[in-house]
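**Q** Fold the following.
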Amino acid sequence: MTAYRAVSWLPPLVERALQLAQTAAFTDSCTPEVGRLLYTLAARCDRGTVAEIGTGYGVGAAWIASGLRPPVSLVTVEIDEARAAAARSLFSGYPNVLVLHGDWHEILDYAPFTMLFADGGKAKEREPEVLLDALEPGGLLILDDLTPESHWTPEQRQRWNPDPVRSFWLNDPRLAATEILLAPASAAILAVRLATVP
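**A** Got it, this is the predicted structure:
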């Protein structure tokens, strides 16, 4: 996890998740920038359920769980059985964290969500309405792994003109949303479901 070498402090749970991912040679864990964002946003949740799509070995979920306060719960889903089992073991001492194995739709049984981190899979591209419906009014959605337009390749410019993810999440009147730069070549969208549409 080269990106984490310069990080001076990590929650202990995140350190354990990173060790799991490193042992498995898993390189798709969330970056420190995304992790700190999740940690900060989770710390503001004081009720309800937080969800994550794409557990991996639990790095993102560990950031979220480290920021949560009782009685907030976290449900995270992973399509790969071995990764889900490893993450379930990681969180075995955390009664407020539930790790599911299966398709991302499995988490919908636990909706509506106070906060939803749509990381893995193609949900943010293919089923944005389902994600939006899974948020409670005032609920926050985090979408990461976005390439800033200034870093698009010619092929991306041809394919993403316009970018369907940004087109939906930054323009839907049911949302208050913004794109933030987390690193020079990495952006995220934060979108809040409005209680009433203006």
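
**Q** Next up, the contacts around residue 145.
**A** Residue 145 makes contact with 119, 186 under the criterion Cβ atoms under 8 Å, 6 or more residues apart in numbering. Bear in mind the C-beta positions are built from the backbone N, C-alpha and C, glycine included.

**Q** Buried residues, the host helix or strand of it. List them.
**A** According to DSSP states H and E, residue 145 maps onto strand 135-146. Within strand 135-146, the residues that count as buried by 16 or more other Cβ atoms under 10 Å are 135, 136, 139, 140, 141, 142, 143, 144, 145, 146.

**Q** Skip the chain neighbours and tell me the closest residue to the first one.
**A** Put plainly, it is residue 135. Distances taken as Cβ to Cβ, 6 or more residues apart in numbering put residue 193 closest to residue 135, at 4.2 Å, once the chain neighbours are dropped.

**Q** Wait, that neighbour touches residue 134, no?
**A** No - the pair residue 193 and residue 134 fails to qualify as a contact (Cβ atoms under 8 Å) at a distance of 9.3 Å.

**Q** any idea how far the residue nearest to residue 135 is from residue 132?
**A** Distance of residue 193 to residue 132, computed by Cβ to Cβ, to the nearest Å: 6 Å.

**Q** Just want to know which of those two has more residues nearby.
**A** Here residue 193 and residue 132 are compared on neighbour count by other Cβ atoms under 10 Å; more neighbours surround residue 193, at 23 against 18.

**Q** Which residues does that one form beta bridges with?
**A** residue 175 (DSSP bridges).

**Q** quick one: it and residue 162, what's the gap?
**A** Taken as Cβ to Cβ, the span from residue 193 to residue 162 is 22 Å.

**Q** Same question for residue 144.
**A** 19 Å.

**Q** One more: residue 47?
**A** For residue 47 relative to residue 162 (Cβ to Cβ), the value is 36 Å.

**Q** Can you find the helix or strand in this protein with the smallest mean pLDDT?
**A** helix 154-159 (a mean of 67; mean pLDDT, DSSP states H and E).

**Q** show me where this protein has helices.
**A** 12-23, 32-42, 59-67, 81-90, 123-126, 128-133, 154-159, 164-169 (DSSP state H).

**Q** if you compare the ones you listed, which one is most tucked away?
**A** Highest mean neighbour count among the helices of the chain (mean count of other Cβ atoms under 10 Å): helix 59-67, with a mean of 28.

**Q** Can you tell me what sits against that one?
**A** Residues contacting helix 59-67 (Cβ under 8 Å, 6+ apart): 11, 13-14, 16-18, 21, 29-30, 34-36, 38-43, 45, 50, 52, 54-55, 74, 76, 87, 90-91, 94, 96-97, 99, 115, 117, 119.

**Q** Send over that helix as CSV, restricted to the C-alpha atoms.
**A** Taking Å, rounded to 0.1, in the frame of the first residue of the first chain, the C-alpha atoms of helix 59-67 are listed here in CSV:
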residue,chain,number,x,y,z
VAL,A,59,-10.0,-0.7,4.4
GLY,A,60,-12.8,1.8,3.5
ALA,A,61,-15.2,0.1,6.0
ALA,A,62,-12.5,0.4,8.7
TRP,A,63,-12.1,4.1,8.1
ILE,A,64,-15.9,4.5,8.3
ALA,A,65,-16.3,2.3,11.4
SER,A,66,-13.5,4.1,13.2
GLY,A,67,-15.4,7.4,12.8
